[in-house]
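Enquirer: Structure here, sequence nowhere to be found:
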């Protein structure tokens, strides 16, 4: 990944070109897809709790999204309004849906990673002596518009869950600067990597941390309050027992995967934020 460091920047965050941001976002999606085992989620081994998609769908989706993140980064660099970013994202979603024959593989990632790429590009175009994280920039530049857009948003699982359960979902995370990424995901990922745990395993540990605490709208949609509570309790128990540091962690997650698939529970919101965590780990400096 080509990196050009601006001498005027005092922090350790790399300055990436739109093309490099595109590559980083696609790599984030590929790393999340490749990680195994992930309870309820699509992996190279099986489709998890999903009947309309599999690992090949994810590979096709990522290929269809190449170029989108560069385009939205270029718009972010020139200070585009949120409405302009939406137009770019909607076009990318249409390409995704065509590539996957209608399966929603990466709608959340198009939103999350697209905004983070736009923020990173804006930061590169507007150097400042005070380092600002990409999540904080998303909240500052587009947060009010993101929050307001919920009122006019098209019907979706997330919208229905918001109305029924009052869960914030992806828009609330973005409008607030991705608090779950920076307060939960990133500390978990960096702690595991600092211990020398390999990256794929660290990503799964990050996923379990997010699952333990996030009010995942995908889980609420599929399983209601009871489904969310059961998954959160199981994730917390896994972490309390040592998480991915325990010798039998894979067996424990395979067992969890089994009952989650039987109940068709999928923590898709947490998975989207795993990809976002991987990305901000690189955008904001290790």
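Expert: Received, thanks. These numbers come from a predicted model, not from an experiment. Numbers count the residues shown, from 1 in each chain.
Enquirer: ok, residue 188 - contacts?
Expert: 205, 206, 209, 210, 277 (CB atoms under 8 Å, 6 or more residues apart in numbering). The way it works is simple: take the backbone N, C-alpha and C, and place the C-beta from them, glycine included.
Enquirer: And residue 62, by the same measure?
Expert: Residue 62 touches 26, 29, 30, 33, 106, counting by CB under 8 Å, 6+ apart.
Enquirer: if we go to 6 Å?
Expert: Counting by CB atoms under 6 Å, 6 or more residues apart in numbering, residue 62 touches 26, 29, 30.
Enquirer: are any of those buried, and which?
Expert: Among those, those classed as buried by 16 or more other CB atoms under 10 Å are 26, 29.
Enquirer: For residue 121, state which of the contacts of residue 62 is nearest.
Expert: Minimum distance to residue 121 across the contacts of residue 62 is 15.6 Å, recorded for residue 26 (CB to CB).
Enquirer: List the contacts of the host helix or strand of the closest one.
Expert: Here residue 26 sits within helix 18-34, counting by DSSP states H and E. Where contact means CB under 6 Å, 6+ apart, the residues beyond helix 18-34 that reach it are 1-2, 58, 62, 66, 69-70, 73-74, 109, 113, 117, 120, 271, 274-275, 278-279, 282.
Enquirer: ok, of these, which come out buried?
Expert: Using 16+ other CB under 10 Å, the buried ones in those are 58, 62, 69-70, 73-74, 109, 113, 117, 120, 271, 274-275, 278-279, 282.
Enquirer: Which two among these are spaced furthest apart?
Expert: Farthest pair in the buried ones among the contacts of helix 18-34, by CB to CB: 74 and 271, 27.1 Å.
Enquirer: can you pull the buried residues of the longest helix seen in the chain?
Expert: Determined from DSSP state H, the single longest helix within the chain is helix 217-240. Buried residues in helix 217-240, counting neighbours by 16+ other CB under 10 Å, are found at 217-223, 227-228, 230-232, 234-235, 238-239.
Enquirer: gap between the two ends of stretch 123-138?
Expert: 10 Å (CA to CA, to the nearest Å).
Enquirer: meant to ask about stretch 31-39
Expert: 16 Å.
Enquirer: So for it, what gets flagged as buried?
Expert: Residues 31, 32, 33, 35, 36, 37, 38, 39 are the ones in stretch 31-39 that count as buried (16+ other CB under 10 Å).
Enquirer: Now do stretch 238-258: everything it contacts.
Expert: Contacts of stretch 238-258 from elsewhere in the structure, counted by CB under 6 Å, 6+ apart, are 37, 39, 201, 204, 205, 208, 212, 234.
Enquirer: that older thread, neighbour-wise, which one of the contacts of residue 188 leads?
Expert: residue 206 (31 neighbours; other CB atoms under 10 Å).
Enquirer: Which helix or which strand is home to that one?
Expert: Using DSSP H and E, the element containing residue 206 is helix 199-213.
Enquirer: Let me know the angle separating that helix from helix 217-240.
Expert: Helix 199-213 runs at 110 degrees relative to helix 217-240, counting by axes from the mean of the first three to the mean of the last three CA atoms, to 10 degrees.
Enquirer: chain center to helix 199-213, what's the gap?
Expert: The chain centre lies 12 Å from the centre of helix 199-213; the measure is CA atoms, centre = their mean, to the nearest Å.
Enquirer: Any figure for the gap between the nearest residue to residue 83 once chain neighbours are set aside and residue 175?
Expert: Leaving aside its chain neighbours, residue 83 sits nearest to residue 145 (7.3 Å; criterion: CB to CB, 6 or more residues apart in numbering). Going from residue 145 to residue 175 by CB to CB, to the nearest Å gives 9 Å.
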